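J.: would you be able to build a 3D model of this:
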Amino acid sequence: MAYNISKNLFLITNFAKLPAKLEIGLLSLTVAALIGSALTQDYRYLAVPTVTNLSFCLQKSRENHAKNTSDQSNTDPQLQALEEANASLKKTLKSYSLIDSRLRSRRALIDALKQANRYVVLVCPWITDYALDQELRSLIESLLNKGICLYIGWGSLKDVNNDPQKLNRDCLLKSASSHYKGIFYLEKLQSQYPKQIFTTVLGTHENCWIVDGKIAFIGSFNFLKSGVNSTERELGVMTKDEDFIIHLLGLYYQSLGISLNKLSESQKVKIKLLV
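T.: Residues are numbered from 1 along each chain as shown. As a prediction, the model looks like this:
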């Protein structure tokens, strides 16, 4: 849900000493942004109106402060709190980017992989030879040759009729083999790099990736299944927000049966081996 944006919005909702009208206005903005983010997962776009309206509230507060005091050096704590919240929210928004279309989603992945130094996490329900084309294969092999670790979560629960008992490699290949032909290539790499590449059946419909804990993507594009030639609309969010990435990585940990809460703070940020 609205993990990091909501955290910053809650800074705004410390209404202990705010004027009543301003309190109600900010509370309304906060609730609207949280609901919108939860429904769409589109943090940056949904929060832009909040920033605009927060800026308006700030301007009004500045005007009221100027009218009510002749000592401009005497900073109003209420105004200062709003200034800090506004700056914090704007800083967060700058770390998010909307990525539209399959082509841009694919290019974002390729560019991020080229910058990888320690590890890559890829989660996608399906893996096809079509998506794992020569460009992506060459890049993956280059990463492995550099000692970079690759973690791949895959497998759709729907393909085994939503039966967790059948959620395994063989049943997935039997029920929807055309969606999983790319797994054979990855398994071949596993035999060559057994300590660097790990594939895990998750039973998922997620599409996300994380590179080095520094950049991450969540979106609609099935980047390990589909190509980029289709004009079908796709939308995703790419971010460098550390808190958000740690939270996303924690969800991946949970899918492997590992509790992120049991890790030290340094392990959360500087993760290399996830299994």
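J.: helices of this protein, start to end?
T.: Applying DSSP state H to the chain gives helices spanning 3-12, 20-40, 43-68, 77-93, 102-114, 134-145, 169-175, 182-192, 242-255, 265-269.
J.: ranking those by mean pLDDT, which is last?
T.: Note on the helices of the chain: lowest mean pLDDT is at helix 3-12, with a mean of 39.
J.: kindly state the pLDDT recorded for the nearest residue to Cys149 once chain neighbours are set aside?
T.: Distance criterion C-beta to C-beta, 6 or more residues apart in numbering; nearest residue to Cys149, sequence neighbours excluded, is Tyr119 at 4.3 Å. C-beta: built from backbone N, CA, C; applies to glycine. On the pLDDT scale, Tyr119 is placed at 94.
J.: skipping its backbone neighbours, what lies nearest Gly147 in space?
T.: Gln196 (7.1 Å).
J.: check contacts around the one you found.
T.: Contact analysis of Gln196 by C-beta atoms under 8 Å, 6 or more residues apart in numbering lists Leu144, Gly147, Ile148, Cys149, Leu150.
J.: any of the residues you listed buried? List them.
T.: Leu144, Ile148, Cys149, Leu150 (16 or more other C-beta atoms under 10 Å).
J.: ok, the last one touching Ser142?
T.: It stands for Leu150. No - Leu150 sits out of contact with Ser142 when judged by C-beta atoms under 8 Å, with a separation of 11.2 Å.
J.: how about the nearest residue to Leu186, chain neighbours excluded?
T.: Thr199 (5.6 Å).
J.: so what pairs up with the one you found in the strands?
T.: Ile152 (DSSP bridges).
J.: the residue nearest to Cys149 reaches Trp209, doesn't it?
T.: No - between Tyr119 and Trp209 there is no contact under C-beta under 8 Å: 11.0 Å.
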